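[1] Provided below for reference: sequence and predicted model.
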Amino acid sequence: MTLKRYLVLFFLLLNPAVILSANTGGFDLQDKNIQSFIGDMTKKHKFDRHKLEAILGQAHIQQSILDAIARPAEQVKPWYEYRSIFLTRDRIRGGVDFWKKNQQALQAAQKKYQVPAYIITAIIGVETRYGRHIGSYSVLDSLATLAFAYPPRSRFFRSELEQFLLMTREEKIDPTKQLGSYAGAMGMPQFIASSFRSYAVDFDNNGHRDLWNSPTDAIGSVANYFHRHGWQYGQPVVQRVEVQGDAYRKLLGDDLKPSLTIAQLRKSGVVIPNVADDQKKAVLLELEGKSGPEYWLAWRNFYVITRYNHSALYSLAVYQLSREIMDAMK
């Protein structure tokens, strides 16, 4: 039994009300943690207690959600295997189709937010295959289950449940009918509730921010997310480099934020062509290619992609998919 599964079981044993409600599918609204949450929502955000209890009364503990989040993370794949998951003909063709169908919205988002259309398209392609796989879990079930029946991350998911209820009130949508991932990520770009409230935009100007059914809103929202995180239009994202000697190894690490100057990198044996500014900052990545190590210089824009998913493999896959889609469009 993994530590995560043990903690979940331990919590349930200490909370018979939760076990009883789990057997019947719903939550015990008299549970002290749920009552505390309801009290906070009524005081901080002026929710009607009876209406909020009626909403939470429709939430169900989902064992499949607990199983999914307690499952040990898959062993990190080497870059060449990870890349093959996303750089497929089907996903590239899907990106071309999505771009053609939504060209006007993509051009408008690129102009307003200064984020390239091909990056926006690739994000939506990696996240949900252009809206084809947005998730089948009730977001209310997901967030309530993880807020009240998963102690390792209950604080985070309680906050996301709070944000979700605020979001659905603001958007005037039924919180019991929204679908997403087992962790509560929503819509074509898979925004969690706090990101939805901070970055989602009504890009089609119909009075609602709809990331489930409006590609235009999804496009504008992804562009706004990147814009707000500091995307620099026209600046490089990542480039392949060569290394000499062993001194470069001391520059490798887990921090993806650019902190090394070109002068430092060159001094340590990194061969960097076509960059004149010695004070420009980047980070050096070593990834496992099919024929041996690959070395990549990642710039500020690459770091911005990692704000969407804190993984160098994810960010490089997004960037390379974006280039493949752009080339196919040409």
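    Structure's in. What do you need?
[2] state the pLDDT value of residue 70.
    Here the pLDDT value assigned to residue 70 is 86.
[3] okay, it and residue 146: tell me how far apart.
    10 Å (CB to CB, to the nearest Å). Yep, even glycine has a C-beta here, placed from its N, CA and C like the rest.
[4] look at these two and report which has more neighbours.
    residue 146 (26 against 18; other CB atoms under 10 Å).
[5] can you name the residues that contact residue 141?
    59-62, 65 (CB atoms under 8 Å, 6 or more residues apart in numbering).
[6] that one belongs to a strand?
    No: using DSSP: H, G, I helix; E, B strand; the rest coil, the secondary structure at residue 141 is helix, not a strand.
[7] distance of it from residue 61?
    Taking CB to CB, one finds residue 141 at 8 Å from residue 61.
[8] host element of the residue nearest to residue 96 when sequence neighbours are not counted?
    Using CB to CB, 6 or more residues apart in numbering and skipping residues adjacent in sequence, the residue nearest residue 96 is residue 328, 5.0 Å away. Residue 328 is part of helix 312-329 when elements are defined by DSSP states H and E.
[9] export that helix to PDB, keeping only CA atoms.
    What follows is helix 312-329, C-alpha atoms only, in PDB (Å, rounded to 0.1, in the frame of the first residue of the first chain):
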ATOM      1  CA  ALA A 312      10.400  20.800 -19.200                       C
ATOM      2  CA  LEU A 313       9.200  17.800 -21.200                       C
ATOM      3  CA  TYR A 314       5.600  19.200 -21.400                       C
ATOM      4  CA  SER A 315       6.900  22.600 -22.500                       C
ATOM      5  CA  LEU A 316       9.200  21.300 -25.200                       C
ATOM      6  CA  ALA A 317       6.400  19.000 -26.500                       C
ATOM      7  CA  VAL A 318       4.100  22.000 -26.700                       C
ATOM      8  CA  TYR A 319       6.700  24.100 -28.600                       C
ATOM      9  CA  GLN A 320       7.600  21.400 -31.000                       C
ATOM     10  CA  LEU A 321       3.900  20.600 -31.700                       C
ATOM     11  CA  SER A 322       3.300  24.300 -32.400                       C
ATOM     12  CA  ARG A 323       6.100  24.300 -34.900                       C
ATOM     13  CA  GLU A 324       4.800  21.200 -36.600                       C
ATOM     14  CA  ILE A 325       1.300  22.700 -36.900                       C
ATOM     15  CA  MET A 326       2.700  25.900 -38.200                       C
ATOM     16  CA  ASP A 327       4.800  24.100 -40.800                       C
ATOM     17  CA  ALA A 328       1.800  22.000 -41.900                       C
ATOM     18  CA  MET A 329      -0.300  25.200 -42.300                       C
END
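[10] and for it, what are the contacting residues?
    So helix 312-329 is contacted by 76-77, 79, 82-83, 85-87, 91-93, 95-96, 99, 116, 118-119, 121-123, 125-126, 237-238, 256, 285, 287, 296, 298, 302, 305-306, 308-309 (CB under 8 Å, 6+ apart).
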